[in-house]
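>>> Sharing a sequence plus its predicted fold:
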Amino acid sequence: MGPILRIEKLEKSFGGVTAVDGIDFEVNPHQIKALIGPNGAGKTTIFNLISGIYPITSGTIRFKGQKINGLKSYVIAEKGVSRTFQNVQLFENMSVLENVMVGRHCRTRSGLFAAILNSKKTRAEEKRIREYSLEMLSFVGLEAKRDEVASSLVFQQQKLLEFARALATEPELILLDEPVAGLSVPETDEMVQLIYRIREIGITILLVEHDMGMVMEVSEEVVVLNSGQVIAEGTPRQVQNNEAVITAYLGKRETENASYTKS
Amino acid sequence: MAMPLGLGNSYYLNVLVFVGIHSLITIGLSLLMGYAGQISLGQAAFFGLGAYTSGILSTKFGVSPWLALLAAIFVTGGIAFLIGAPALKLKGHYLAMATLAFGYIVYIIFNQASSLTGGPSGFGQIPRFKLGNFLFKTDVHYYYLVWILVIIALLISLNITHSRVGRALRSIHAGELTANVMGVNTAKYKIQIFVLSAVYASVAGSLYAHFITFLNPSPFGFHFSIVLVTMVVVGGVASVWGAMIGAALLTILPEYLRAFQDYDILIYGSILLLIMVFLPKGLFVGIFDLVKKRKNR
């Protein structure tokens, strides 16, 4: 089986600024892979390109061998790519359950006329949407909060709700944008366990994260970006010992800098 | 509402017919504004397009008023689709400006296309609705006809708000980009609900034309579009019931305020201002909240 996601020569510029500068990498099925890099390296931009929020400048993005760049976001979701957001993006004034039910939208059909007539078939579908969504809520452990307004949840619960909503779309690939940012150490552990459980049900995971402890623990492979380019790729151990990576994160050795300023 | 005869007075009945006609428009507009989160400052134009299509077809081409009402739905809905497809790509103030401009263009056409519309002075002798041998001619007849349609519109709207589509609309309101990424075809639902709200306004327009039996452009201008938006906001933008309450208040209030003669606009404005200051979520939700507060005391 080939890679579930293949990114080739991907480029994105905003006006004159090149945010993503010719990137290649692959994600294999059932893998947990991480994209890391300093702020502004282009990680979130890559997520936004994969989920069709911005049009790409050049290159290709293939999902299960099929080109998905140029497709609308909702079509990409239908194909089986879902995501969470760096700054939690819930439908704030809707209930917890309704948020997840919106995630179920792309797997169901009843349109405007079906809604107006409200036939038996439509009501049966609505019931299935509700049941599936409740299952997703209990998967992340939020079933007790189902009727609360999404914005009333505490931060960790809001993150879990985003997971449940993404899972309701029945994704094969899920993009997690900083899943543990802002969480305490025990909360991070819980989130890591949830990520393992998501992988267990057959979903491939690509994540962006700044918490290096967490990244090195969960990821099988890591892609390191700097200034829109891939500077290293490999297992967490390989990447940690890579000279280019150390330079990107920590800067050059003091002696080199010193000799530079003297000359 | 149930027994108009109890009111006895034909003048009040006439006002209630107008409350119904305005409710039809605001119920549709509240779906667009309160649920989908899109604004239209051109809703009076759709009301006018319904009225003029119905009026012209029945008066100048001898089409039955019922068929004319149906034809008006297709004409108005079609125009709404053509306008909405590009306009709904705009957001916030820009969408407001685009729909406002559309409303103004339609108003100019009503004034200028004299051979069809009779220009600023309009045209009359529009036939009334007929059911077999029964002619809808009194205010009582129209009261029932209009309010039956309001109830149908209300049931349709409530079904939509409680459905998968209604949930999609609310997700668009809460975060259009997120909704899209989560698999909601946001463009499709925005245009559908825009067309539906135009169709509601068109039906209201046809009822108006065959009730008043005379049309001129002045009720269909920019001012009335603003009044419609105000009705929805004052009633409570997040509920179709609020839309009806707003329509009732803003239709009935000016009638009562006539007693104050020159001061009526001043009092009217003050009442709206007070409602928005003290009940910013609108009358429907606001009154509920007030009752709750009382109970909790």
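On my side now, so go ahead. Note that the coordinates shown come from a computational prediction; the quantities given were computed from them, not determined experimentally.
>>> In contact with the residue in the stretch 101-250 of chain A positioned nearest to chain B, which residues?
Using Cβ to the nearest Cβ, the closest approach of the stretch 101-250 of chain A to chain B is made by A:Cys106 at 2.9 Å. Every C-beta, even on glycine, is put in place using the N, C-alpha and C of the backbone. By Cβ atoms under 8 Å, 6 or more residues apart in numbering or on different chains, A:Cys106 lies in contact with A:74, A:77-78, A:169, B:182-184.
>>> before we move on, what about A:Ser227?
Taking Cβ under 8 Å, 6+ apart as the test, what A:Ser227 contacts is A:21, A:40-42.
>>> Also A:Asn28?
Neighbouring residues of A:Asn28 by Cβ under 8 Å, 6+ apart: A:3-4, A:204.
>>> Quick check: it vs A:Arg197, distance?
Applying Cβ to Cβ, to the nearest Å, the value for A:Asn28 to A:Arg197 is 19 Å.
>>> likewise B:Thr76?
Distance of B:Thr76 to A:Arg197, given as Cβ to Cβ: 52 Å.
>>> Please say which of those two ends up with more neighbours.
A direct count of neighbours by other Cβ atoms under 10 Å in any protein chain shown for B:Thr76 and A:Arg197 places B:Thr76 higher, at 29 against 12.
>>> Run the contact check for the helix or strand hosting the more buried one versus chain A.
When elements are assigned from DSSP states H and E, B:Thr76 belongs to helix B:65-87. No - in terms of Cβ under 8 Å from any Cβ of the partner chain, no part of helix B:65-87 sits within range of chain A; the closest distance is 12.5 Å.
>>> Against which helices or strands is that helix packed?
With contacts taken as 3 or more Cβ pairs under 8 Å, 6 or more residues apart in numbering or on different chains; DSSP states H and E, helix B:65-87 sits against helix B:43-60, helix B:92-112, helix B:186-212.
>>> Skipping its backbone neighbours, what lies nearest the closest residue to chain A within chain B in space?
As assessed by Cβ to the nearest Cβ, chain A sits closest to B:Gly183 within chain B, at 2.9 Å. Counting by Cβ to Cβ, 6 or more residues apart in numbering or on different chains, B:Gly183 lies nearest to A:Cys106, which is 2.9 Å off, once chain neighbours are set aside.
>>> Next, find the distance separating A:Gln245 from B:Val106.
Actually, residue A:245 is Val rather than Gln. As judged by Cβ to Cβ, A:Val245 and B:Val106 stand 63 Å apart.
>>> Looking at these two now, which is surrounded by more residues?
B:Val106 (23 against 20).
>>> how about that one, what does it touch?
B:42, B:45, B:48-49, B:220.
>>> Kindly report the residues of chain B close to chain A.
For chain B, the residues in contact with chain A (Cβ under 8 Å from any Cβ) are B:156, B:159-160, B:163-168, B:170-171, B:174-175, B:177-186, B:192, B:196.
>>> Need the buried ones from those selected in ChimeraX.
Here is the ChimeraX selection string for the buried members of these, based on 16 or more other Cβ atoms under 10 Å in any protein chain shown:
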select /B:156,159,160,163,164,165,166,167,168,170,171,174,175,178,179,180,181,182,183,184,185,186,192,196
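>>> Next step: the residues of chain B next to chain A restricted to helices.
B:156, B:159-160, B:164-168, B:170-171, B:174, B:177-181, B:186, B:192, B:196 (DSSP state H).
>>> buried stuff in the longest helix along chain A?
Using DSSP H, we find that the single longest helix of chain A is helix A:120-140. The neighbour-count check on helix A:120-140 (16+ other Cβ under 10 Å) flags A:122, A:125-126, A:129-130, A:132-134, A:136-137, A:139-140 as buried.
>>> Poorly predicted segments of the stretch 151-263 of chain A, please.
A:253-263 (pLDDT under 70).
>>> for the record, mean pLDDT for stretch A:110-125?
Confidence for stretch A:110-125, expressed as mean pLDDT, is 93.
>>> Can you dump the C-alpha atoms of that stretch in PDB for me?
Extracted C-alpha coordinates of stretch A:110-125, given in PDB (Å, rounded to 0.1, in the frame of the first residue of the first chain):
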ATOM      1  CA  SER A 110     -31.000  15.100   3.800                       C
ATOM      2  CA  GLY A 111     -31.200  18.500   1.900                       C
ATOM      3  CA  LEU A 112     -33.500  21.500   2.200                       C
ATOM      4  CA  PHE A 113     -36.600  19.800   0.700                       C
ATOM      5  CA  ALA A 114     -36.100  16.800   3.000                       C
ATOM      6  CA  ALA A 115     -35.900  19.200   5.900                       C
ATOM      7  CA  ILE A 116     -39.100  21.000   4.900                       C
ATOM      8  CA  LEU A 117     -41.100  17.800   4.500                       C
ATOM      9  CA  ASN A 118     -39.400  16.200   7.600                       C
ATOM     10  CA  SER A 119     -40.300  12.700   6.400                       C
ATOM     11  CA  LYS A 120     -39.700   9.400   8.300                       C
ATOM     12  CA  LYS A 121     -36.500   8.900   6.300                       C
ATOM     13  CA  THR A 122     -35.200  12.300   7.300                       C
ATOM     14  CA  ARG A 123     -36.100  11.800  11.000                       C
ATOM     15  CA  ALA A 124     -34.400   8.400  10.900                       C
ATOM     16  CA  GLU A 125     -31.200   9.900   9.400                       C
END
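>>> Need the residues that contact that stretch.
A:108-109, A:126, B:156, B:159-160, B:163-166, B:192, B:196.
>>> now with 6 Å?
A:108, B:156, B:159-160, B:163-165, B:192 (Cβ atoms under 6 Å, 6 or more residues apart in numbering or on different chains).
>>> Now distance to B:Thr59 too, for these, in TSV please.
Listed next are those as TSV, based on distance: Cβ to Cβ, whole Å:
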residue	distance to B:Thr59
A:Thr108	46
B:Ile156	29
B:Asn159	35
B:Ile160	34
B:Ser163	39
B:Arg164	42
B:Val165	37
B:Gln192	32
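>>> so, if you compare these, which one comes nearest to B:Leu274?
The nearest member of the contacts of stretch A:110-125 to B:Leu274, counting by Cβ to Cβ, is B:Ile160 at 32.2 Å.
>>> Please identify which helix or strand holds the residue nearest to the spatial centre of chain A.
In chain A, the centroid-proximal residue (Cα atoms, centre = their mean) is A:Leu175; its distance is 1.8 Å. Following DSSP H and E, one finds A:Leu175 within strand A:173-177.
>>> what about B:Met97, distance to B:Lys190?
17 Å.
>>> again with A:Leu142
30 Å.
>>> Correct me if wrong: A:Leu207 contacts A:Leu176.
Yes - the pair A:Leu207 / A:Leu176 is scored as a contact, 4.1 Å apart, by Cβ atoms under 6 Å.
>>> out of these two, which sits in the more crowded spot?
More neighbours surround A:Leu176 than the other of A:Leu207 and A:Leu176, with 27 against 24 (other Cβ under 10 Å).
>>> Name the SS class of A:Glu8, please.
strand (DSSP: H, G, I helix; E, B strand; the rest coil).
>>> need the contact list for it.
A:24, A:59-60.
>>> Beta-bridge partners for it, please?
Taking DSSP bridges as the rule, A:Glu8 bridges to A:Thr60.
>>> Need the pLDDT of it.
What the model reports as pLDDT for A:Glu8 is 97.
>>> State the distance from it to A:Ile56.
Note on A:Glu8: its distance to A:Ile56, by Cβ to Cβ, is 11 Å.
>>> returning to that earlier point: which helices and strands sit right next to the strand holding A:Leu175?
If you count contacts as 3 or more Cβ pairs under 6 Å, 6 or more residues apart in numbering or on different chains; DSSP states H and E, strand A:173-177 packs onto strand A:81-83, strand A:204-208.
>>> between the helix or strand just after that strand and helix A:120-140, how many degrees?
Per DSSP H and E, the first helix or strand lying C-terminal to strand A:173-177 is helix A:185-200. Relative orientation of helix A:185-200 versus helix A:120-140 (axes from the mean of the first three to the mean of the last three Cα atoms, to 10 degrees): 130 degrees.
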